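> I would like the atomic coordinates for the input below:
(one chain, ligands or ions: 1)
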Amino acid sequence: MDSYTDGYFSPNEDVTRVAHCKTMEEYKEIYGESINDPDKFWGNYAKNFYFKTFPDKNLFDYNFDIRKGDVYIKFAEDAITNISYNCLDLKVENGLGDVVAFYWEGNDPLDCTSITYKQLLDEVCKFSNVLKSLGVKKEDKVAIYMPMILELVVAMLACARIGAVHSIVFGGFSAESLCNRILDASCDVIITADGMYRGTKLVKLKNIASEAVKLCSEANHKVTTCITVKHVTAKSFSDEETKRPSMRPCLDLQLSWNKDVDRWWHDLMANASTTCEPEWMKSEDTLFILYTSGSTGKPKGILHHITGYMLWASATHKYTFDYHPGDVYFCTADIGWITGHTYVTYGPLLNGATSVIFEGVPYFPDQSRLWAIVDKYQVSKFYTAPTAIRSLMKHGEEPVKKYKRTSLQVLGTVGEPINPEAWLWYRNVIGNGKCSIVDTFWQTETGGHVLTPLPGCTPTKPGSATFPFFGIVPSVLSDEGKEITSSDEGYLVFNKPWPGMMRTIHGDHKRFEGTYFTRFPGYYVPGDGCIRDKDGLFWITGRIDDMINVSGHLLSTAEVESSLITHHLVSEAAVVGRPDPIKGECLYCFVTLLDGVEFTPGIVIELKGKVREHIGGFSIPDYIQSAPALPKTRSGKIMRRVLRNVARDNHDLGDISTMADESVIGVLFANRVG
Ligand code: WTA
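Take a look at the predicted model:
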């Protein structure tokens, strides 16, 4: 058990007994080595993997200081390896061939299967050969738009095996968003599935993918092949089972099918060989592109490269979850986001772990689903988002208490700041008061955890991501770029690279430098506010740019605004975040219609439809209000600060002396919604 003194939860003794890192002294020692002698630290860690060659010194080559020239980051440049080999072949060679790599739990509780390391290797080799037979080569970009099914893992590892670059697009994005991502990365091949169920809702993924392919061809880009996994129409079930609303098979999908482009996954796989020599890749070859929202509205294609990402994914998974052989690990994130890349696929496989991969949603068939899964597979390490915890809290303890959850040891959270109430509920109710809580701060850009407690080692305070992971040097800077030593809020920054950080933005290195390296030359600036308390613990306070974190998904206000103004009756739009008890923040939109047009509930529905069409269903705004005029400075800049106050119904507006026309304020408050 742990104990609570002076605002701290002490490390849990049961976890400490087996932990990789047992005391803060030990943490400080390992941390010190990782900073003072990174060559030794990472050189040693690399011994867990197979490299054809690995340099023995000068692993890092970088420039973080824009004043001295272009920013670049290279790690172990001369190393040669293959990440799919390290995830699979090496595990089979080490005797883990019959160990379960994934328990797959379908949307419906009766729909489940599992796959061992050896079976996964065979599938990956087969699909690698399929990709090759379609002409996919090293460095080609492949788009993946799939549900949480095993074929998604197979597809990404097959790309990695042959040196192709995967660009996974979350299944909640619209055809237009998918098309933009295919165009940006110039993908010729896309992999999808016929459909997926989310609870009782059927999403016709293939038809959305077909629409995206059509939009691409209108933009003069030809997608040559679309490979579709037969998923919702795949298996046959008993009569009883097919009566259930969520159960496969689904018979009336009406797939849009173009015989010049479309191929079934199972047809292509039927005769593919299970042998495929990996493509031996250089360290700094690209492993994947993953798009994340950018403050200009255009998503940024973040690039991760092979060796650095591989070591980072493995090391953070091992230490942050205190992973040991025999654990069953379950991360609820979708592979379409970075958490799924690093902590569903790569980290666990690189460590030879057994994981649960879950297709469904926490509330189907009822609010106990996650705990039913935990008991079914005896999950010991569990990782989810604060928004999921808060929405479960709303339903009280009863759905949780229906299951024992005694196998749980470590509970992780990620995606947004976690409020102390949710942290305590996670620990006391979900974890039966017996688990270590790890609040992990990181980003698509960082590749893996950068601030996090270590279970069994770090004393924790609810709401703080505590201390840096090995190799990370954080500071907090003031507006003027001075290091803040008091407990005042400032900008979180990092003064040197770590192996797993991004290398650039696809096709736009200037934007990479401009976004992350110009605000404070010499530092990587992630865009989050931060406080370092008197004991040295880090507390993330939220975004300091125009991004809004809705249920752990970063959305760009500019992107939502540009979707709204595509409506023919809208002349101007501004979007701000408003605190939300479940989502953390939600979107609150101000819309100015053309002169003389009446603001009606019908227009609100159409505007939500515009956001769904341009971005995707997960980004639909909660509130849209009429704004006959927006508050602006005399130079015409929208005063978002004032809009945020209106959205929160906070009349204390502070200094508004720069506002051009103060009379708009009264109208904005009068038109508030929600
Ligand atoms: C936020 C998700 C506070 C933060 C892995 C960051 C967090 C953004 C935490 C990245 C946390 C993530 N505490 N804030 N533990 N984890 N964030 O790229 O604002 O989808 O910059 O990566 O989420 O979101 P992304």
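> use CA for all of it now, contacts and neighbours both
OK.
> Residues of the stretch 101-250 of the chain that sit close to the ligand?
By the rule CA under 6 Å from any ligand atom, no part of the stretch 101-250 of the chain lies against the ligand.
> do the same with the chain
So the chain meets the ligand at 338-339, 414-417, 439-444, 528, 540, 542-543, 553-554 (CA under 6 Å from any ligand atom).
> Okay, and which of these map to helices?
The helices, defined by DSSP state H, take in I338, T339 from those.
> Selecting buried members of the residues of the chain next to the ligand in ChimeraX, what would you type?
What follows is the ChimeraX syntax for the buried subset of those, where burial is set by 16 or more other CA atoms under 10 Å:
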select :338,339,414,415,416,417,439,440,441,442,443,444,540,543,553,554
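> out of the residues of the chain next to the ligand, which are inside strands?
D439, D528, I540, G542, R543, H553, L554 (DSSP state E).
> export these to JSON lines and tack on pLDDT?
Shown next, in JSON lines, are those (pLDDT from 0 to 100):
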{"residue": "D439", "pLDDT": "98"}
{"residue": "D528", "pLDDT": "97"}
{"residue": "I540", "pLDDT": "97"}
{"residue": "G542", "pLDDT": "92"}
{"residue": "R543", "pLDDT": "92"}
{"residue": "H553", "pLDDT": "94"}
{"residue": "L554", "pLDDT": "94"}
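> of all those residues, which comes closest to V261?
H553 (32.4 Å; CA to CA).
> which helices and strands does the helix or strand that F590 is a member of pack with?
Using DSSP states H and E, F590 maps to strand 584-593. Where contact means 3 or more CA pairs under 8 Å, 6 or more residues apart in numbering; DSSP states H and E, strand 584-593 is packed against strand 547-550, strand 570-580, strand 623-626.
> how far off strand 570-580 does it point, in degrees?
160 degrees (axes from the mean of the first three to the mean of the last three CA atoms, to 10 degrees).
> Just the C-alphas of the next helix or strand after strand 584-593, formatted as PDB.
Next along the chain after strand 584-593, taking DSSP H and E as the criterion, comes helix 601-614. Output of helix 601-614 as PDB, limited to C-alpha atoms (Å, rounded to 0.1, in the frame of the first residue of the first chain):
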ATOM      1  CA  PRO A 601     -31.700  26.600 -35.000                       C
ATOM      2  CA  GLY A 602     -31.600  25.200 -38.600                       C
ATOM      3  CA  ILE A 603     -28.500  27.200 -39.300                       C
ATOM      4  CA  VAL A 604     -26.900  25.900 -36.100                       C
ATOM      5  CA  ILE A 605     -27.500  22.300 -37.400                       C
ATOM      6  CA  GLU A 606     -26.000  23.200 -40.800                       C
ATOM      7  CA  LEU A 607     -23.000  24.700 -39.200                       C
ATOM      8  CA  LYS A 608     -22.300  21.600 -37.100                       C
ATOM      9  CA  GLY A 609     -22.700  19.600 -40.300                       C
ATOM     10  CA  LYS A 610     -20.000  21.800 -41.900                       C
ATOM     11  CA  VAL A 611     -17.500  21.000 -39.200                       C
ATOM     12  CA  ARG A 612     -18.400  17.300 -39.400                       C
ATOM     13  CA  GLU A 613     -17.800  17.400 -43.200                       C
ATOM     14  CA  HIS A 614     -14.500  19.300 -43.100                       C
END
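> contacting residues around helix 601-614?
174-177, 560, 563-564, 566-567, 617-621, 624 (CA atoms under 8 Å, 6 or more residues apart in numbering).
> try stretch 507-524
Stretch 507-524 is touched from outside by 64-67, 70-71, 481, 493-496, 504-505, 525-527, with contacts defined as CA under 8 Å, 6+ apart.
> Identify the residues contacting D439.
G412, T413, V414, I418, T452, P453, G463, S464, A465.
> One more: R503?
Y72, I73, K74, I302, L303, H304, H305.
> Tell me the spacing between H266 and the ligand.
Going from H266 to the ligand by CA to the nearest ligand atom, to the nearest Å gives 33 Å.
> Next: V560.
In terms of CA to the nearest ligand atom, V560 sits 17 Å off from the ligand.
> just to revisit the earlier point, compare the contacts of stretch 507-524 and tell me which is most surrounded.
Greatest neighbour count in the contacts of stretch 507-524, by other CA atoms under 10 Å, goes to V493: 25 neighbours.
> Show the pLDDT at the residue nearest to that one when sequence neighbours are not counted.
Spatial nearest neighbour of V493, chain neighbours left out: V525 (4.8 Å); criterion: CA to CA, 6 or more residues apart in numbering. Listed pLDDT for V525 reads 98.
> Contacts only, for V525.
Taking CA under 8 Å, 6+ apart, one finds Y491, L492, V493, F494, Y516, F517, R519 in contact with V525.
> Any chance of a markdown table for these, columns secondary structure?
Below are those laid out as a markdown table (DSSP: H, G, I helix; E, B strand; the rest coil):
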| residue | secondary structure |
| --- | --- |
| Y491 | strand |
| L492 | strand |
| V493 | strand |
| F494 | strand |
| Y516 | helix |
| F517 | coil |
| R519 | coil |
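> ok, so of these, who is nearest the ligand?
L492 (9.9 Å; CA to the nearest ligand atom).
> partners of that closest one in the sheet?
V476 (DSSP bridges).
> For the stretch 201-350 of the chain, which residue gets nearest to the ligand?
Closest point on the stretch 201-350 of the chain to the ligand, by CA to the nearest ligand atom, is T339, at 5.4 Å.
> per-residue confidence at the nearest residue to that residue once chain neighbours are set aside?
Using CA to CA, 6+ apart and skipping residues adjacent in sequence, the residue nearest T339 is A333, 6.0 Å away. On pLDDT, A333 comes in at 98.
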